[in-house]
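K.L.:
sequence first, predicted model second:
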Amino acid sequence: MILILSFAGMLVIPLGIYLYRLIRRFLGVFCKERRLRLQKLSAAVMAAVAAAFSINLFGLWALVVFYTVGIAAVTDVVWLILKKRGYRPGVKADMVYRTCLLPVLVTAVILGYAYVNMHHVTVASYTVDSQKEIRQEGYRIVFLSDLHFGTTMDADKLREYCARMEQEKPDLVVLGGDIVDEATLLSEAEEAFAALAQIDSTYGTYYVYGNHDKGRYASDCDFTQEELAETIRDAGVHILEDESVLLNNELSITGRCDRSDASASYISRKASADLIADLPQEGFHMIADHQPRDMEENAAAGFDLMLSGHTHAGQMWPVGLFTELFDKKTVNYGEKSFGDMHLIVSSGIAGWGYPLRTGKHSEYVVIQIV
């Protein structure tokens with residue numbers, strides 16, 4: 001968090017300077033030359049306020065500002081190249097440029113699409129081939145993560161999606177963390193887990209915590225960790241924190257303690273090999289870890305399938321691109337093999353912070369193990 005705040009602080013000055021330039025250009029269209037001093041002062045105040053509020057990189061205002069500024073910067077570069085090549089703009093083109101109309105309209109279109117995209121939940125289907133001697137019909141798994149309940153849907157909408165998931169006739173339901181977060185009310189958490197627990201499956205519903213579930217990022221979270229755990233268990237959902245459960249003598253599900261939660265609690269996560277040690281070697285073994293990390297360790301331990309969320313597939317471009325470029329220890333989205341282990345990373349059924357998404361789509365995952 002300190003690194004994020006430091007990065008945001010470094011952005012404020014250049015952002016403020018560029019915003020000042022854009023706002024002065026806009027005001028210059030409407031202000032008389034004799035009011036130049038007022039124009040400069042107004043632009044400086046407006047730019048300073050906009051830049052200051054943008055220091056919260058996860059806020060909606062920062063999103064609007066950064067997208068508008070980014071598109072304006074691209075527009076400025078194109079405009080400069082065109083003028084260098086002899087382009088002489090007409091009155092209308094010059095007015096569109098100086099009022100920053102194009103960046104504002106493009107940002108509005110992008111955010112409008114992002115809102116619709118976030119609320120349109122799709123199904124991501126995968127087939128995992130196994131060499132293990134499991135039952136002939138295999139197993140069907142429903143996996144969802146990153147609901148952040150309250151951000152994009154109410155209880156009625158969640159129940160509608162749960163009914164759709166139940167139509168998949170799952171043998172097992174796995175909840176991959178961040179079902180709630182620091183902004184969720186206790187009453188909302190009760191609604192969310194009650195709805196999710198109603199998805200009928202052969203072997204029940206299992207849950208691993210994410211980094212947001214326990215409300216560690218806010219001092220005024222509406223529930224305690226104990227109240228959340230009680231809510232989950234009362235709904236009939238099984239919590240797994242560095243624990244394994246064997247089902248039907250050939251299928252296992254292991255749930256990890258979230259790495260951020262473990263770090264904040266000053267506890268050490270168990271080794272993957274210790275979590276699988278007492279399970280039958282010939283069985284098919286799944287491991288659910290909210291954050292897609294330690295894939296090589298899990299594969300070496302003997303797990304066949306790993307399920308993760310957390311990344312939101314970037315949620316808003318270009319976050320996912322930065323993740324892929326600069327964090328080689330994780331996977332942003334989709335399916336990838338590590339030795340004999342399959343990894344599936346979901347983009348999540350919703351998102352965090354604001355109900356907007358340009359990075360992939362909202363989804364729940366259906367996996368057929370054959």
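P.N.:
Structure received.

K.L.:
rounded mean pLDDT for stretch 275-282, please.
P.N.:
Mean pLDDT, computed over stretch 275-282, is 94.

K.L.:
how distant is that stretch from the center of its chain?
P.N.:
Offset of stretch 275-282 from its chain centre (CA atoms, centre = their mean, to the nearest Å): 32 Å.

K.L.:
name the SS class of residue 336, please.
P.N.:
Secondary structure, DSSP: H, G, I helix; E, B strand; the rest coil: residue 336 is strand.

K.L.:
what sits against the nearest residue to it once chain neighbours are set aside?
P.N.:
Counting by CB to CB, 6 or more residues apart in numbering, the nearest residue to residue 336 once its immediate chain neighbours are dropped is residue 343, at 4.9 Å. No exception for glycine: its C-beta is placed from N, CA and C like everyone else's. By CB atoms under 8 Å, 6 or more residues apart in numbering, residue 343 lies in contact with 292, 295, 305, 306, 308, 331, 335, 336, 337.

K.L.:
likewise for residue 97?
P.N.:
75, 79, 89.

K.L.:
quick one: the helices in the stretch 251-370 of the chain?
P.N.:
Secondary structure of the stretch 251-370 of the chain by DSSP state H, counting those that start in this stretch: the helices cover 259-264, 272-276, 295-301, 319-326.

K.L.:
switch the ones you listed over to a markdown table; also include mean neighbour count and distance to residue 46.
P.N.:
Shown next, in a markdown table, are those (neighbours: other CB atoms under 10 Å; distance: least, CB to CB, whole Å):
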| stretch | mean neighbour count | distance to residue 46 |
| --- | --- | --- |
| helix 259-264 | 16 | 37 |
| helix 272-276 | 18 | 53 |
| helix 295-301 | 18 | 47 |
| helix 319-326 | 14 | 27 |
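
K.L.:
how about these in CSV, adding distance to residue 65?
P.N.:
What follows is the helices of the stretch 251-370 of the chain, written out as CSV (distance: least, CB to CB, whole Å):
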stretch, distance to residue 65
helix 259-264, 28
helix 272-276, 42
helix 295-301, 36
helix 319-326, 16
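
K.L.:
of the ones you listed, which is nearest residue 21?
P.N.:
Residue 21 lies closest to helix 319-326 among these, at 25.7 Å (CB to CB).

K.L.:
other SSEs contacting the closest one?
P.N.:
Of the remaining helices and strands, none touches helix 319-326 by 3 or more CB pairs under 8 Å, 6 or more residues apart in numbering; DSSP states H and E.

K.L.:
quick check: mean pLDDT across that helix?
P.N.:
83.

K.L.:
and it, how far from the chain's centre?
P.N.:
13 Å.

K.L.:
returning to what we had before: so which of the helices of the stretch 251-370 of the chain is nearest residue 203?
P.N.:
helix 272-276 (18.2 Å).

K.L.:
for residue 51, what are its contacts?
P.N.:
By CB under 8 Å, 6+ apart, the neighbours of residue 51 are 12, 13, 15, 16, 19, 65.

K.L.:
excluding chain neighbours, what is closest to it?
P.N.:
residue 16 (3.7 Å).

K.L.:
report how many residues lie close to that neighbour.
P.N.:
18 (other CB atoms under 10 Å).

K.L.:
about what we covered before: neighbour-wise, which of the contacts of residue 51 leads?
P.N.:
residue 19 (23 neighbours).

K.L.:
can you tell me the helix or strand for the residue nearest to that one when sequence neighbours are not counted?
P.N.:
Leaving aside its chain neighbours, residue 19 sits nearest to residue 47 (3.9 Å; criterion: CB to CB, 6+ apart). Taking DSSP states H and E as the criterion, residue 47 maps to helix 36-53.
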